[in-house]
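Trainee: With the sequence up front, the predicted model follows.
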Amino acid sequence: MRDGQVFQQHLKLRKFRGSVFGLIFLASTMVGTLVLIVLIVDVLRDSLGWLDWQFLTSYPSRKPEEAGLLSALFGTLWVMVFTALFSFPIGIGTAIYLEEYAPDNRLKRLIQTNINNLAGVPSIVYGLLGLSLFVQALALGRSILAGALTLTLMSLPVIIIAAQEAIRSVPGTHRLGAFALGASKWQVVRNIVLPSSFPGIFTGTILAMSRAIGEAAPMIAIAALVYLTFIPISPLDRFTVLPIQIFNWVSRPQADFQHLAAAGIIVLLVVLLSMNAIAIILRNRYQKRTEE
Amino acid sequence: MENLTECLAVRNLELWYGTFQSLRGISLGILHNRITAIIGPSGCGKSSLLRCFNRMNDLIPGSRVQGEVIFHGRNVYDAGVDPAEVRYRIGMVFQKPNPFPKSVFENVAFGPRVNGITDNLEEVVEQALHRAALWGEVKDRLHKSAMELSGGQQQRLCIARALALEPEVILMDEPCSALDPMATLKIEDLMKSLAAEYTIVIVTHNMQQAGRVSDMAAFMMMEEDRAGVLVEYGPTPQLFTKPRDKRTDDYITGRFG
């Protein structure tokens, strides 16, 4: 017989160690969660009394009590729609090409490395690129189109990488099964690969998009810090977006503008959260349908 | 045996994956409406040979084929032959059941659909499921996910999926290796009943299975640094009881492998 006492003592020590680590991990989780809660509570308190219908339906103004973010809200919606329109098909197309069509050679690896690196480029760099390429060289001006194209460039690497991962997670045996039934490459992609990977692609795209529309830096480079007192009606119109408007208010010394900024942040958060919610709902619905 | 014709004629087939030669000078004739088993130890090239019949090796980058696989008087590797056409007429069932994450119906309808057959799809699907001895078990859940079926049912669904195209030949790559004995028995019975209408080629490392189901058997082997050699090919009873080659005898009596 072995000495059971040694085992018992050791067992206690092992259990103790396990619970200590559990607490450490709980603490790390709480740091992030608590900071977020404090932040939201603080912003909510600041915005109290300022976030009302008048705020949502008014243009910016020098007088805080009359100011609103109508133009910025519409600008963000415009930019969002166009960014989605451009980045979704290009991103998925690139991912499909790289995963399903491209031969595994030097060129593919070069492209892949570049995409991975581009995902890490600071957003202001995209802003400056967009300024010189879309605003100036292509003479689109400080327009919604220029802004959306810039955000498209910025979010493409993330979308491509997310889509590639989703495509890669489709079991190879499904592809083989379809090929063995005489399916062509496109039929395999269209009927087997895309339906299975769509939820993942969709989630990745929405996350990239929400990051993009929350960006102030590249948008300031493109749209500049302006007070717009009209709603853009064409993609070539000048525009402003929520982060710019918020940034603008935050940088003013008067306390009232700080309250406006807080109210603006709440609006931006609501836009982002509803986007994510839509993504989740659509994804779940799609998932259910493919499983049936 | 009376008046048997060759359905597939393999002539001097050689296969490379990159610089590795996987098949060497294989020649054999697969007979019409018979079950042919390809047996041999792991890595001997039996699955590679099977995948040559419907050009599935084409999908592996760096693979290269020499020699001929004659099907209806034409080499399937001829320049003018589209692999999709070959696979349309020569179906395949894989080692692990691989139903698509779609409904039972959509799984069976997939082959006809991608090949442009959309008339009477419901009838085609029902018939294929009948032939695969699966209809009774799934007729009330045609539009439920195929992933909910048991492993054996999934494999019969994969057989039904292949049958829906009404192929002439069905290739089976160790179709029972992921199944329990009961499910295996069902698949074997199914194979025997299908042999009346189809030519079946099965790769198996289960000697008893080869003995139970096959009419013809091919024994393949790898030798030191030489994979993909066809040692002996003949009627199954003869190969199992009076093998001409000593290596076959050693293998089937369990002296190696």
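Mentor: Sure, I can see it.
Trainee: packing partners for the strand or helix carrying residue A:46?
Mentor: Using DSSP states H and E, residue A:46 maps to helix A:4-47. Helix A:4-47 sits against helix A:255-291, with contacts defined as 3 or more Cβ pairs under 8 Å, 6 or more residues apart in numbering or on different chains; DSSP states H and E. All C-beta spots, glycine's among them, are computed from the backbone N, C-alpha and C.
Trainee: which other helices and strands contact the helix it packs on?
Mentor: Against helix A:255-291 (3+ Cβ pairs under 8 Å, 6+ apart) you get helix A:4-47, helix A:53-57, helix A:70-96, helix A:194-213, helix A:242-250.
Trainee: What mean pLDDT does it get?
Mentor: For helix A:255-291, mean pLDDT rounds to 81.
Trainee: secondary structure class for residue A:227?
Mentor: Of the three states, residue A:227 takes coil under DSSP: H, G, I helix; E, B strand; the rest coil.
Trainee: Can you add mean pLDDT and mean neighbour count and give the helices and strands packed on helix A:255-291 back as TSV?
Mentor: Putting the helices and strands packed on helix A:255-291 into TSV (pLDDT from 0 to 100; neighbours: other Cβ atoms under 10 Å in any protein chain shown) gives the following:
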stretch	mean pLDDT	mean neighbour count
helix A:4-47	91	11
helix A:53-57	80	13
helix A:70-96	91	20
helix A:194-213	88	21
helix A:242-250	87	22
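Trainee: Now tabulate those in a markdown table and tack on distance to residue A:142.
Mentor: Listed next are the helices and strands packed on helix A:255-291 as a markdown table, based on distance: least, Cβ to Cβ, whole Å:
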| stretch | distance to residue A:142 |
| --- | --- |
| helix A:4-47 | 29 |
| helix A:53-57 | 24 |
| helix A:70-96 | 11 |
| helix A:194-213 | 17 |
| helix A:242-250 | 11 |
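Trainee: can you tell which of the ones you listed is closest to residue B:121?
Mentor: helix A:194-213 (18.7 Å; Cβ to Cβ).
Trainee: Enumerate the residues of the stretch 101-250 of chain B near chain A.
Mentor: The stretch 101-250 of chain B comes close to chain A at residues B:101-103, B:110-111, B:113-115, B:143-145, B:147, B:158, B:161-162, B:165, as judged by Cβ under 8 Å from any Cβ of the partner chain.
Trainee: And those residues, which is closest to residue B:236?
Mentor: Among these, and counting by Cβ to Cβ, the member closest to residue B:236 is residue B:162, at 23.2 Å.
Trainee: which among the residues of the stretch 101-250 of chain B next to chain A end up buried?
Mentor: B:101-103, B:110-111, B:113-115, B:145, B:158, B:161-162, B:165 (16 or more other Cβ atoms under 10 Å in any protein chain shown).
Trainee: Now for the residues you listed: which two are most distant?
Mentor: Checking these with Cβ to Cβ, the most distant pair is B:115 and B:145, at 23.5 Å.
Trainee: hang on, the earlier thing: could you list which of the buried ones among the residues of the stretch 101-250 of chain B next to chain A belong to helices?
Mentor: B:110, B:111, B:113, B:114, B:158, B:161, B:162 (DSSP state H).
Trainee: My read is that the fifth one contacts residue B:91, right?
Mentor: It refers to residue B:158. No - in this structure residue B:158 lies outside contact range of residue B:91 using Cβ atoms under 8 Å: 9.6 Å.
Trainee: Give me the three-state assignment for the residue in the stretch 1-150 of chain A positioned nearest to chain B.
Mentor: Relative to chain B, the nearest point of the stretch 1-150 of chain A is residue A:104 (6.6 Å; Cβ to the nearest Cβ). Using three-state DSSP as the criterion, the local structure at residue A:104 reads coil.
Trainee: show me the contacts for it.
Mentor: For residue A:104, the contacting residues are residue B:61, by Cβ atoms under 8 Å, 6 or more residues apart in numbering or on different chains.
Trainee: go on, residue B:69?
Mentor: B:8, B:9, B:10, B:11, B:13, B:52, B:53, B:75, B:76, B:77.
Trainee: Is it possible to mark the buried ones in those?
Mentor: Using 16+ other Cβ under 10 Å as the burial test, those include B:8, B:9, B:10, B:13, B:52, B:53, B:76, B:77 as buried.
Trainee: nearest to chain A, of the contacts of residue B:69?
Mentor: Chain A lies nearest to residue B:53 out of the contacts of residue B:69, by Cβ to the nearest Cβ, at 11.0 Å.
Trainee: Let's have the buried ones among the residues of the stretch 101-250 of chain B next to chain A in CSV, adding pLDDT.
Mentor: CSV is the format used below for these (pLDDT from 0 to 100):
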residue, pLDDT
B:101, 93
B:102, 92
B:103, 93
B:110, 95
B:111, 94
B:113, 93
B:114, 93
B:115, 93
B:145, 92
B:158, 96
B:161, 95
B:162, 95
B:165, 94
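Trainee: can you list the domains in chain A?
Mentor: Per automatic domain parsing, the domain ranges recorded for chain A read A:1-47, A:53-291.
Trainee: Quick check: which element contains the residue nearest to residue B:14 when sequence neighbours are not counted?
Mentor: Spatial nearest neighbour of residue B:14, chain neighbours left out: residue B:66 (4.2 Å); criterion: Cβ to Cβ, 6 or more residues apart in numbering or on different chains. Assessed by DSSP H and E, residue B:66 sits inside strand B:63-71.
Trainee: ok, and what's touching the helix or strand following that strand?
Mentor: With elements assigned by DSSP H and E, the helix or strand that comes after strand B:63-71 is strand B:74-75. The contact list for strand B:74-75, computed with Cβ under 8 Å, 6+ apart, reads B:68, B:69, B:81.
Trainee: which parts of the stretch 51-200 of chain A sit against chain B?
Mentor: Counting by Cβ under 8 Å from any Cβ, the stretch 51-200 of chain A sits next to chain B at A:103-104, A:171, A:173-174, A:176-184, A:187, A:191-192, A:195-196.
Trainee: end to end, how far does stretch A:46-59 reach?
Mentor: Length of stretch A:46-59, first residue to last, Cα to Cα, to the nearest Å: 20 Å.
Trainee: Stretch B:97-111 now?
Mentor: End-to-end distance of stretch B:97-111 (Cα to Cα): 16 Å.
Trainee: likewise stretch A:44-63?
Mentor: This stretch, stretch A:44-63, spans 21 Å end to end (Cα to Cα).
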